[in-house]
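> only geometry, no sequence info:
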């Protein structure tokens, strides 16, 4: 059985066009089988996009787990001068996101496999990250994924994560603070979903190693 988090979906491609609203902008996009929420804008992503403020107008913005691209497209629409990186392991998802960015005339969207991007840009710094993370990959894989990307936030920068309450939003909140050591707050709650804002802050002066 193929899953949306597989690198190469096993089922034959069957593209379709759907119409969705991305933060008030109506767009037509391509979707396909074996990508996350192929038939609609999923509720969690809708909650995220409805409750977050605009991302920084410049810098590097990241959509971690892009699927067919709703978050990356919304970021690019809101910040046309920023570099928007859409990341996913699913090759079909990356193809769809690239195609949808082209359909909408968004030349600031790049699609990447996460490991390929880390290999190409090991010192990548992120100005803001938005994600509906792939909870169903399992807790250990999810923690590894977030542990690899959230510390790449620039000092003072934030990540916005939307997680269903019944799928562990509150335990993830605790892990982000106690294990990853990143201040986290619940910035919104709607329709059974939490939006967690995670911030990268500098350690106190007495914890900074002497030069």
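Thanks, I have the structure now. Predicted, not measured: the structure shown is a model, and the values here were computed from it.

> can you give me the helices for the protein?
Per DSSP state H, the chain carries helices over the ranges 43-51, 70-78, 91-103, 114-120, 139-149, 169-178.

> Out of those helices, flag the one nearest residue 62.
When those are compared for distance to residue 62 using C-beta to C-beta, the nearest one is helix 139-149, at 7.1 Å. C-beta here means a position set from N, CA and C on the backbone, and glycine is covered the same way.

> Rounded mean pLDDT for the lengthiest strand in the chain, please.
Ranked by residue count and defined by DSSP state E, the top strand of the chain is strand 153-164. Regarding strand 153-164, the rounded mean pLDDT is 97.

> tilt between it and helix 139-149?
150 degrees (axes from the mean of the first three to the mean of the last three C-alpha atoms, to 10 degrees).

> Could you give me the buried positions within strand 153-164?
Buried residues in strand 153-164, counted by 16 or more other C-beta atoms under 10 Å: 153, 157-164.

> Just flag the most distant two among those residues.
Across the buried residues of strand 153-164, the longest distance by C-beta to C-beta is 24.8 Å; it joins 157 and 164.

> Contact partners for residue 142?
133-135, 172 (C-beta atoms under 8 Å, 6 or more residues apart in numbering).

> Which strand residues bridge the residue nearest the centre of the chain?
Closest to where the C-alpha atoms of the chain average out (C-alpha atoms, centre = their mean) is residue 131, at 2.6 Å. Bridge pairing for residue 131 (DSSP bridges) gives the partners residue 161.

> is it true that it touches residue 159?
Yes: if you go by C-beta atoms under 8 Å, residue 131 and residue 159 touch, sitting 6.9 Å apart.

> circling back to that earlier point, looking at the helices of the chain, which is closest to residue 58?
Closest approach to residue 58 among the helices of the chain (C-beta to C-beta): helix 70-78, 11.8 Å.

> Other residues contacting the closest one?
Contacts with helix 70-78, where a contact means C-beta under 8 Å, 6+ apart, come from 20, 22-23, 25, 27, 29, 41, 45, 48-49, 54-55, 61, 63, 66, 82, 84-86, 97, 100-101, 104, 106, 108-109, 130-132.

> Please spell out the ChimeraX selection for the buried subset of those residues.
A single ChimeraX command selects the buried members of the contacts of helix 70-78 (16+ other C-beta under 10 Å):
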select :20,22,23,27,29,41,45,48,49,55,61,63,66,82,84,85,86,97,100,101,104,106,108,109,130,131,132
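
> Any stretches of this protein with poor pLDDT?
The model of the chain has pLDDT under 70 over residues 1-11, 202-211.

> Just want to check the distance between residue 93 and residue 32.
For residue 93, the distance to residue 32 equals 8 Å [C-beta to C-beta, to the nearest Å].
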